[in-house]
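J.: return atomic coordinates for the entry below.
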Amino acid sequence: MRDEFDLKETFDYYIKHLWNSIFIFFKWLTFSLLSGVIIGSAGLLFHYCMTWANDTRTDNPVLILLLPIAGLVIVGAYHLLHDEKDTGTNLVLAAIHSGENIPLKMAPLIFISTVMTHLFGGSAGREGAALQLGGSIGNSLGRLFRFDDKDQHIMIMCGMSAAFSALFGTPMAAAIFSMEVVSVGIMHYAALVPCVVSALVAKGIAEHFKVMPDQFILEQIPEFSLATGVQIAILAMLCAGVSIIFCMMLHHGEALYKKYIEDSYLRIFAGGTFIVIMTLLVGCQDYNGAGMPIIERCFENEYVSYAFLLKMLFTAVTLGCGYKGGEIVPSFVVGATFGCLFGNLIGFSPALCTAVGMGAVFCGVTNCPITSLLICFEMFGYAGMPYFLLAVALSYMLSGYYGLYRTQKIVYSKYKTEFINRRTH
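T.: Below is the predicted model:
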């Protein structure tokens, strides 16, 4: 009788949890599909607007002269909607940590201000806007359906994945990035199914409208050996140092602006003026905008030896004074130009070094090794796997506790199995 009772109790327990799991699955399937459609469509619209902005600036280089005026409009828009203390992607990450609210007004503000930054020649990426756009809409969907705080956090991550996937066309990296970037050392696996589904749906929407992902074909990859492994290891170590310098320039640049120019209108006008002067001194607009054409030229082995330094400087000056955009695509440009330079200096496959540099610097500034590896696979293919794996691992370890996002938490040490729960530098 005792065995029968235990068997029935076990069976009832199993059925109860099975139905609970099925309910949770369909709940998140429904809301991740909804998130993927809504945010994927918003990301698609953002892509078209960004393409228009960059093409228009390319066809009309004189627009760069209006960058300081555009800055005043951006600051004015944030003041008008009482969002002066907006911290961008840092607010999105903080919302997942602490339950802070992400206002829906962040979505149109970051959308319009990023397009304006690119239209008039600011040096910034687009993924920061995508993460904020996705996080804001995802958070608002969670509030609309009266989710509790923990489920709202999942909706934020779900939205981030959808927006990232729609823009970059890399659903694997997009799904993992939002779970990995929040807390270094742990993964929020509760968000895995929602993030995967929303990323795939957003990618499908982008593909349906003929938005192709950024992919680069690597030809004639050298066979992995001790000698080639050592060369890539040296590149990865140097890229870790470059990523630290880039993070320091971004953070200290912003601090210097605020120290010497307290008024936000004067600050952004001065920063826009600096960018105009720097552009005139350089004699081209290669370092304005996101910089994807520079990456394409690196894969054709066309590079400027100091390009990585200029891109870091242009981006720090742009974002530090208050223009909007992201830091990830500029980090790709920095990694690509530095990697191409390294490959030419040592005479080792500049194209492979370009790809490895992109992955290694991205890992160093985001502290996301799994995402970095996946984005290498999706952008460059799997043939270079040993090189990507080695470079990402070394860059993650040697980049220390620096990062693009001040609210990102290092939960576990990079060097020991030790709980430290500290923020990045």
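J.: how far does stretch 265-281 sit from its chain's centre?
T.: The chain centre lies 25 Å from the centre of stretch 265-281; the measure is CA atoms, centre = their mean, to the nearest Å.
J.: can you check stretch 164-180 too?
T.: 9 Å.
J.: then that stretch to CSV, C-alphas only?
T.: The C-alpha trace of stretch 164-180 is given here as CSV (Å, rounded to 0.1, in the frame of the first residue of the first chain):
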residue,chain,number,x,y,z
PHE,A,164,19.6,43.2,-31.9
SER,A,165,18.6,40.4,-34.2
ALA,A,166,16.6,42.6,-36.5
LEU,A,167,19.5,45.0,-37.0
PHE,A,168,22.5,42.6,-37.1
GLY,A,169,20.9,39.5,-38.5
THR,A,170,22.7,37.3,-35.9
PRO,A,171,19.9,35.5,-34.0
MET,A,172,22.3,33.2,-32.0
ALA,A,173,24.4,36.1,-30.7
ALA,A,174,21.3,38.3,-30.2
ALA,A,175,19.5,35.6,-28.1
ILE,A,176,22.5,35.0,-25.8
PHE,A,177,23.8,38.6,-25.6
SER,A,178,20.8,40.0,-23.6
MET,A,179,21.2,37.1,-21.1
GLU,A,180,24.9,37.3,-20.8
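J.: and that stretch, what's its mean pLDDT?
T.: Averaged across stretch 164-180, pLDDT comes to 94.
J.: ok, now stretch 276-292?
T.: Stretch 276-292 shows a mean pLDDT of 96.
J.: now do stretch 401-415
T.: Taken as a whole, stretch 401-415 has a mean pLDDT of 93.
J.: give me the nearest residue to S140, chain neighbours excluded.
T.: With CB to CB, 6 or more residues apart in numbering as the criterion, S140 has its nearest non-adjacent residue at 4.5 Å, and that residue is L104. To be clear about C-beta, it is placed using only N, CA and C from the backbone, and glycine gets the same treatment.
J.: over to Y287?
T.: Of all residues not flanking Y287 in the chain, F314 sits nearest, at 4.3 Å (CB to CB, 6+ apart).
J.: likewise A290?
T.: Distances taken as CB to CB, 6+ apart place V329 nearest to A290, at 4.4 Å, with adjacent residues excluded.
J.: ok, which stretches of the stretch 251-400 of the chain are helices?
T.: Assigned by DSSP state H, counting those that start in this stretch, the stretch 251-400 of the chain shows helices spanning 264-282, 292-299, 307-320, 328-346, 350-366, 369-380, 385-398.
J.: which one of these lies nearest to L18?
T.: Across the helices of the stretch 251-400 of the chain, L18 has its closest neighbour in helix 369-380 (30.2 Å, CB to CB).
J.: which elements pack onto that closest one?
T.: helix 171-180, helix 350-366, helix 385-398 (3 or more CB pairs under 8 Å, 6 or more residues apart in numbering; DSSP states H and E).
J.: can you list contacts of the first one?
T.: Meaning helix 171-180. Residues from elsewhere that reach helix 171-180 (CB atoms under 8 Å, 6 or more residues apart in numbering): 131, 156-158, 160-162, 164-165, 168, 187-189, 191-192, 195-196, 198-200, 202-203, 366, 368, 370-371, 374-375, 377-378.
J.: I'd like to know how far F177 sits from K409.
T.: 15 Å (CB to CB, to the nearest Å).
J.: compare these two (neighbour count), which wins?
T.: F177 (29 against 22; other CB atoms under 10 Å).
J.: surely G135 and I102 touch.
T.: Yes. With contact taken as CB atoms under 8 Å, G135 and I102 are classed as touching, separated by 5.7 Å.
J.: touching both of these two, which residues are there?
T.: Common neighbours of G135 and I102 (criterion: CB under 8 Å, 6+ apart): 92, 95, 156.
J.: which residues does the second one contact?
T.: Taking CB under 8 Å, 6+ apart, we find A95 in contact with 101-102, 135, 139, 153, 156.
J.: where's it, which helix or strand?
T.: Secondary structure assigned from DSSP states H and E places A95 in helix 89-98.
J.: between that helix and helix 328-346, how big is the angle?
T.: Computed with axes from the mean of the first three to the mean of the last three CA atoms, to 10 degrees, the direction of helix 89-98 lies at 110 degrees from that of helix 328-346.
J.: okay, buried residues for helix 89-98 please.
T.: With burial defined by 16 or more other CB atoms under 10 Å, the residues of helix 89-98 counted as buried are 89-96.
J.: how about those in JSON lines, adding pLDDT and distance to I245?
T.: Formatted as JSON lines, those follow (pLDDT from 0 to 100; distance: CB to CB, whole Å):
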{"residue": "T89", "pLDDT": "84", "distance to I245": "20"}
{"residue": "N90", "pLDDT": "84", "distance to I245": "20"}
{"residue": "L91", "pLDDT": "80", "distance to I245": "25"}
{"residue": "V92", "pLDDT": "86", "distance to I245": "25"}
{"residue": "L93", "pLDDT": "85", "distance to I245": "22"}
{"residue": "A94", "pLDDT": "82", "distance to I245": "25"}
{"residue": "A95", "pLDDT": "83", "distance to I245": "29"}
{"residue": "I96", "pLDDT": "81", "distance to I245": "28"}
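J.: quick check: the residue lying closest to H79 once chain neighbours are set aside vs F145, distance?
T.: Nearest residue to H79, sequence neighbours excluded (CB to CB, 6+ apart): S264, at 7.8 Å. For S264, the distance to F145 (CB to CB) stands at 36 Å.
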